[in-house]
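Asks: sequence first, then the predicted structure, then my questions.
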Amino acid sequence: MSGTPVVPAVAAPGALGDERTAREVLARAAAARGVGARLVATASDAAFRDAAAAAARDGELLLLPPPAVDVDALGLALGDARVVRVDVVERGPDRSGAVRRHVRGRGLAGLRWAVDAWWAQRAHPSVRHAYGPHPDQHADLRLPAGTGPVPVAVLVHGGYWRSRWEADTLEPLAVDLAARGWASWNAEYRRPDADGWDATTADVAAAVRALADVPGPAGARLDPGRVVLLGHSAGGQLVVRLAADLAGGEGAVVRPALVVSLAGCLDLVTVDRRWLSEGAASRALGGRAEEVPDVYAASSPLARLPIGLPVAVVRARQDDPDLLDVSRSFAAAARAAGDDVLEVEGEGDHFAPVDPASPLWAEVADLVATRVRP
């Protein structure tokens, strides 16, 4: 349809198998966001360079380059365009200046996340703020229309604490929250597979504290008295653990009004004992629950009860049954421990709680707005 934005994607020779599959994934992802998609699968290095230069005229493009090479080393004529890089195979992060997002190690499904990242930045551009010197120590801020001060939704992504999953997974949610009158603070952090568990927990806390240091007019529009923490999957564990730390600490710069677990890993001992995602918990925390019990006791939300702050436990019925079970068990235990617990359960898979188009997310958004009104 004329006037419909189109996601431009360019693939290097050999980056794809049967390109029909990639086109189908792109088309579905683009249709879900109301945009089109155009994939140019090139057969030579020269054709790849030419197609990338042409697509760069749109301002931002999806790029599937040779996996072993960083974008800045390719010498592409990108001008001021930014790149959402996609590697269907696993590789380290591309820190090239032209790369805004790097979706890697997620197979062809990564194209879906890349489309979401492209769409979110076009729909409501974000501004990146560093809270530390490491490339992963940053958060993307989106502000709603109008004047402030405005409430703040801090987003912490999941991915079983693995580096190939990044904050891009929550960009559509950040856009939706901004449309609802919230400032969204989508936090990235160092992951334990690269930097250790202590770095991960320290970064999530630092990202929240950094809200008090956002400079200029943007910082003046943020209301530190109306902050909600929302964590998805492993991010649910991280935000509820942080809430327990903040509730028990003196002089916290930011004290959340509500913490929301979206399909969270709320009982790390059970996550470990049931070997979820091939031992994700033990790999992240540095050992099995019986090997490093003090680390699990400090980190598992179930072990930290009572949390001491209001907690919303959100779960989808078609999620991994073990995660569903963990969320239900945690909510019951938290209520028995005296916490203020809200529960939302609905239809959908693991990502339904963070899909702006899902009825489950709409119910969560209404609950959050009721507790902390924009």
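Replies: Received, thanks.
Asks: assumed residue 199 was part of a helix.
Replies: Yes - counting by DSSP: H, G, I helix; E, B strand; the rest coil, residue 199 is found in a helix.
Asks: mind pulling up the pLDDT for the closest residue to it other than its chain neighbours?
Replies: When the adjacent residues along the chain are set aside, residue 199 lies closest to residue 190, with 4.3 Å between them (CB to CB, 6 or more residues apart in numbering). C-beta: built from backbone N, CA, C; applies to glycine. Reading off the per-residue confidence, residue 190 sits at a pLDDT of 98.
Asks: span of stretch 285-298 from start to end?
Replies: Here the two ends of stretch 285-298 are set 11 Å apart, with distance taken as CA to CA, to the nearest Å.
Asks: should've said stretch 278-297
Replies: Distance between the two ends of stretch 278-297: 21 Å, counting by CA to CA.
Asks: do stretch 298-308 as well
Replies: When the end residues of stretch 298-308 are compared by CA to CA, they are separated by 15 Å.
Asks: helix, strand, or coil at residue 141?
Replies: Judged by three-state DSSP, the three-state class of residue 141 is strand.
Asks: swap that for residue 270, please
Replies: Using three-state DSSP, the secondary structure recorded for residue 270 is helix.
Asks: and the pLDDT for it?
Replies: Residue 270 is assigned a predicted lDDT (pLDDT) of 98.
Asks: returning to that earlier point: surely the residue nearest to residue 199 and residue 135 touch.
Replies: No - with contacts defined as CB atoms under 8 Å, residue 190 does not count as touching residue 135, sitting 9.2 Å away.
Asks: neighbour count winner among the two?
Replies: residue 190 (22 against 11; other CB atoms under 10 Å).
Asks: tell me the pLDDT of residue 2.
Replies: According to the prediction, residue 2 has pLDDT 54.
Asks: for the stretch 151-300 of the chain, give me the ranges with low pLDDT.
Replies: Across the stretch 151-300 of the chain, the ranges flagged by pLDDT under 70 are 250-251.
Asks: strands of that one, start to end?
Replies: Per DSSP state E, counting those that start in this stretch, the stretch 151-300 of the chain has strands spanning 183-187, 222-232, 258-262. These are given in chain order.
Asks: surely residue 135 is within a helix?
Replies: No - secondary structure of residue 135 (three-state DSSP): coil, not part of a helix.
Asks: what's the burial count for the residue lying closest to it once chain neighbours are set aside?
Replies: For residue 135, ignoring the flanking residues on the chain, the nearest one in space by CB to CB, 6+ apart is residue 95 at 5.7 Å. When counting by other CB under 10 Å, one arrives at 11 neighbours for residue 95.
Asks: from residue 175, how far out is residue 33?
Replies: With distances defined as CB to CB, to the nearest Å, the gap from residue 33 to residue 175 amounts to 10 Å.
Asks: so for those two, which residue has more residues nearby?
Replies: Applying other CB under 10 Å to residue 33 and residue 175 shows that residue 175 carries more neighbours, namely 24 against 21.
Asks: next, residue 13: secondary structure please.
Replies: Once three-state DSSP is applied, residue 13 turns out coil.
Asks: let me see the contact set for the residue nearest to residue 199.
Replies: Counting by CB atoms under 8 Å, 6 or more residues apart in numbering, residue 190 makes contact with 134, 136-137, 196, 199-200, 203.
Asks: how about those, which pair is most distant?
Replies: In terms of CB to CB, those reach their longest pairwise distance at 137 and 196, which sit 14.1 Å apart.
Asks: these two: which is more packed in?
Replies: Between residue 137 and residue 196, counting by other CB under 10 Å, residue 137 is the more crowded of the two (20 against 15).
Asks: how about that one, nearest residue that isn't a chain neighbour?
Replies: For residue 137, ignoring the flanking residues on the chain, the nearest one in space by CB to CB, 6+ apart is residue 131 at 5.3 Å.
Asks: could you report the neighbour count for the one you found?
Replies: As a burial measure, the neighbour count of residue 131 was computed by other CB under 10 Å and equals 20.
Asks: was I right about it contacting residue 210?
Replies: Yes - in this structure, residue 131 sits in contact with residue 210. The criterion is CB under 8 Å, and the distance is 3.7 Å.
Asks: shared neighbours of the two, anything?
Replies: The overlap between the contact sets of residue 131 and residue 210 (CB under 8 Å, 6+ apart) consists of residue 139.
Asks: in the stretch 251-374 of the chain, which spans are helices?
Replies: Listed in chain order, the helices found in the stretch 251-374 of the chain under DSSP state H, counting those that start in this stretch are 268-273, 280-285, 293-299, 321-336, 359-371.
Asks: and the angle for the fourth one with strand 258-262?
Replies: Read that as helix 321-336. Helix 321-336 and strand 258-262 are oriented at 160 degrees to each other (axes from the mean of the first three to the mean of the last three CA atoms, to 10 degrees).
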